[in-house]
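Visitor: Here is a sequence together with a model predicted from it:
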Amino acid sequence: AIVLDGEDITPLPTHKRNLGMVFQSLALFPHLSVGDNISYALRIRGASREEQKKRVDELLTLIHLAGFADRPVAKLSGGQRQRVAIARALALSPKLFLLDEPLSALDAKLREAMQVELRQLQQRLGITTIVVTHDQREAMTMADLVVVMGHGKILQAAPPIEIYRKPADAFVADFIGITNLLPAEVDSAGRTTILGTAIPGLAMPAGLRKASVSIRPEDVHL
């Protein structure tokens with residue numbers, strides 16, 4: 001079941017779930033202007049021309065593209081198209097904002113700038129936002145909560161610093177940031193050893209005889 005704000009929305013048709021979606025390909029309508037792209041959902045819902053224009057102007061100001069309403073989508077840069085896709089998804093003031101790898105097509109510098117803009121936008125609007133990304137830096141930069149998935153399951157869900165400092169398992173430790181994973185085991189004398197050397201002060205959890213130890217590069221002192 002999909003539950004949003006305590007309501008089971010599973011049986012609802014997609015267009016009635018009150019979700020805003022930005023696709024990886026952006027999926028803007030190439031034959032429509034910037035304004036018509038943004039107001040598309042409003043027009044389908046039967047909003048008046050005045051309502052549509054007012055909302056388009058509000059959103060264009062919000063995404064720093066005021067005055068672009070009549071511009072053809074084809075004449076926009078990658079970053080500008082990205083903003084129009086975001087504005088279109090926000091037109092109906094959704095309860096939940098979904099973004100599928102929204103910045104993957106942008107160059108590195110623009111991607112970093114858009115990460116900051118998206119974060120500021122989310123803070124200003126207060127809409128719960130879920131961003132799917134393979135870029136761990138993007139996730140660590142933008143998120144209040146990071147959900148790491150592997151093999152189709154949630155492996156850990158926690159704030160970024162906790163994911164980095166207290167990974168749930170070796171997969172998460174290796175996936176987030178750079179780490180050294182070393183095999184540890186308990187020897188016959190009950191000491192914890194790494195690569196055959198007993199490490200004073202390192203204790204294995206009760207009942208565990210083998211494990212991986214994650215050591216971050218910044219924690220190594222020579």
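Guide: That came through, no problem.

Visitor: Next, name the residue at the spatial heart of the protein.
Guide: Nearest residue to the geometric centre of the chain (Cα atoms, centre = their mean): residue 131, 2.6 Å.

Visitor: Correct me if wrong, but that one is in a strand.
Guide: Yes. The assignment for residue 131 is a strand, going by DSSP: H, G, I helix; E, B strand; the rest coil.

Visitor: Now it: closest residue in space, sequence neighbours ignored.
Guide: Nearest residue to residue 131, sequence neighbours excluded (Cβ to Cβ, 6 or more residues apart in numbering): residue 99, at 4.6 Å. Quick note: C-beta positions are derived from backbone N, CA and C, even for glycine.

Visitor: tell me the secondary structure for that neighbour?
Guide: The three-state label given to residue 99 by three-state DSSP is strand.

Visitor: now it, which residues is it bridged with?
Guide: residue 22, residue 131 (DSSP bridges).

Visitor: Model confidence score at the residue nearest to the centre of the chain, please.
Guide: On pLDDT, residue 131 comes in at 95.

Visitor: Surely the residue nearest to residue 131 and residue 26 touch.
Guide: No. With contact defined as Cβ atoms under 8 Å, residue 99 does not reach residue 26; the gap is 10.7 Å.

Visitor: These two: which is more packed in?
Guide: residue 99 (22 against 17; other Cβ atoms under 10 Å).

Visitor: Kindly provide the distance from the more buried one to residue 197.
Guide: 47 Å (Cβ to Cβ, to the nearest Å).

Visitor: same thing with residue 147?
Guide: Per Cβ to Cβ, residue 147 is found 37 Å from residue 197.

Visitor: Residue 37 now?
Guide: From residue 37 to residue 197 the distance is 63 Å (Cβ to Cβ).

Visitor: who has more neighbours, those two?
Guide: Between residue 37 and residue 197, residue 37 has the larger neighbour count (other Cβ under 10 Å), namely 24 against 9.

Visitor: Pretty sure residue 102 sits in a helix.
Guide: No. Going by three-state DSSP, the assignment for residue 102 is coil, not a helix.

Visitor: just for the protein, where's the confidence low?
Guide: For the chain, not a single residue meets the criterion pLDDT under 70.

Visitor: Outline the domain layout of it.
Guide: Following automatic domain parsing, one finds the domains of the chain at 3-143, 178-219.

Visitor: first vs last residue of the longest one, how far apart are they?
Guide: In terms of Cα to Cα, to the nearest Å, the two terminal residues of domain 3-143 are separated by 21 Å.

Visitor: sorry, back to before: please give me every residue in contact with the residue nearest to residue 131.
Guide: Residues near residue 99 by Cβ atoms under 8 Å, 6 or more residues apart in numbering: 21-22, 118, 129-132.

Visitor: If we use 10 Å, what do you get?
Guide: Contact analysis of residue 99 by Cβ atoms under 10 Å, 6 or more residues apart in numbering lists 20-24, 85-86, 89, 118, 122, 129-133, 142.

Visitor: before we move on, what about residue 94?
Guide: Per Cβ under 10 Å, 6+ apart, neighbours of residue 94: 17-21, 41, 125, 127-129.

Visitor: Now that we have those, which of them are buried?
Guide: 17, 19-21, 41, 127, 129 (16 or more other Cβ atoms under 10 Å).

Visitor: I am finished for the moment; much appreciated.
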